[in-house]
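Student: okay, sequence plus prediction incoming.
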Amino acid sequence: MIPAVLLPGLVCDATVWNHARAALGARTQVLIPDYGLLDSLPDMADQVLREAPPRFALAGHSMGGRVALEILRRAPERLAAIALLDTGVAPLPAGEAGQREAAGRHELLAIAREHGMAAMATKWVQGMIWPPRLGEAPLIASVVDMMARKSADIFAAQIRALLARPDAAPLLDAIRCPALLLAGEDDSWAPASRHREMASRIPGARLCIVPRCGHMSTLERPDEVTAALLDWHASAVAR
């Protein structure tokens, strides 16, 4: 059976994959890497490749999707399938747009350093979850508590990695393994429209837009996301 490697996003951990890990783990080996204090996406990709099995199915959420694309850049022959969830391929925009993004990320980092990671996550989560669910305390706590387990230094390192992200768009045209593109219909960080465009560039890609869902799709709609991932993994096994 083909192992699955699941990559968390910015200051996230295995919590984002709990539901999928349980389901995939019933059929194969599942690995969920930790990036430590690495501060570049290429370095994260290299570390994952050192730890991963010789051939595997690879899924990445948010920043993890960008790490997945760097793994694809380095070792496409090792990928039995790739899934990109709530992510993107473009580098930091030039000019004012890029400056705004950098300023916003550094504003959050300043909150983390002055008031702690939980305070930062409490502010940040407001834009990551489908708004009608922001009153659901268990869901919000799952995100805040997860991010609070990371340090401000880790947050700073991963911000540096994202601000220096390479252009991964040219990689899409070369993907030949089973590919899943998944996004929350109401993801304001990585819009569904972006995933439609990405999927259109990958031969045979499957596109899954999850309704009533924001950026944290694996936590907001675990049943729907896991079902899509199980089908995706089965397609890799069937090849």
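Tutor: Yep, it's here. Quick caveat, the model's predicted, so the values are computed rather than measured.

Student: use CA for all of it now, contacts and neighbours both
Tutor: Will do.

Student: rounded mean pLDDT for stretch 140-159, please.
Tutor: What stretch 140-159 shows for mean pLDDT is 98.

Student: list of residues touching that stretch?
Tutor: By Cα atoms under 8 Å, 6 or more residues apart in numbering, the surrounding residues in contact with stretch 140-159 are 10-13, 15, 36-40, 105, 109, 112-113, 116-118, 121-122, 125, 134.

Student: make a ChimeraX selection of the buried ones in the residues you listed.
Tutor: In ChimeraX syntax, the buried subset of the contacts of stretch 140-159 is picked out as below (16 or more other Cα atoms under 10 Å):
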select :10,11,12,13,15,38,39,40,105,109,112,113,117,118,121,122,125
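
Student: which ones among the contacts of stretch 140-159 lie within helices?
Tutor: Those of the contacts of stretch 140-159 mapping onto helices are 105, 109, 112-113, 117-118, 121-122, per DSSP state H.

Student: most widely separated two among these?
Tutor: Farthest pair in the ones in helices among the contacts of stretch 140-159 (Cα to Cα) is 105 and 118. Separation: 15.5 Å.

Student: what ranges does this structure have for its strands?
Tutor: In the chain, the segments counted as strands under DSSP state E are 4-7, 30-31, 56-61, 79-85, 179-184, 206-210.

Student: adding mean neighbour count, distance to residue 224 and mean pLDDT, write those out as a markdown table.
Tutor: Output for those, formatted as a markdown table (neighbours: other Cα atoms under 10 Å; distance: least, Cα to Cα, whole Å; pLDDT from 0 to 100):
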| stretch | mean neighbour count | distance to residue 224 | mean pLDDT |
| --- | --- | --- | --- |
| strand 4-7 | 26 | 17 | 98 |
| strand 30-31 | 20 | 19 | 98 |
| strand 56-61 | 26 | 15 | 98 |
| strand 79-85 | 26 | 13 | 98 |
| strand 179-184 | 27 | 10 | 98 |
| strand 206-210 | 20 | 7 | 98 |
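
Student: residue 45 is nearest to which of those strands?
Tutor: Closest to residue 45 of the strands of the chain is strand 4-7 (Cα to Cα; 10.0 Å).

Student: partner strands of that closest one and their direction?
Tutor: strand 30-31 (parallel), strand 56-61 (parallel) (DSSP bridges).

Student: now those strands as CSV including distance to residue 234?
Tutor: Formatted as CSV, the strands paired with strand 4-7 follow (distance: least, Cα to Cα, whole Å):
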stretch, distance to residue 234
strand 30-31, 14
strand 56-61, 10
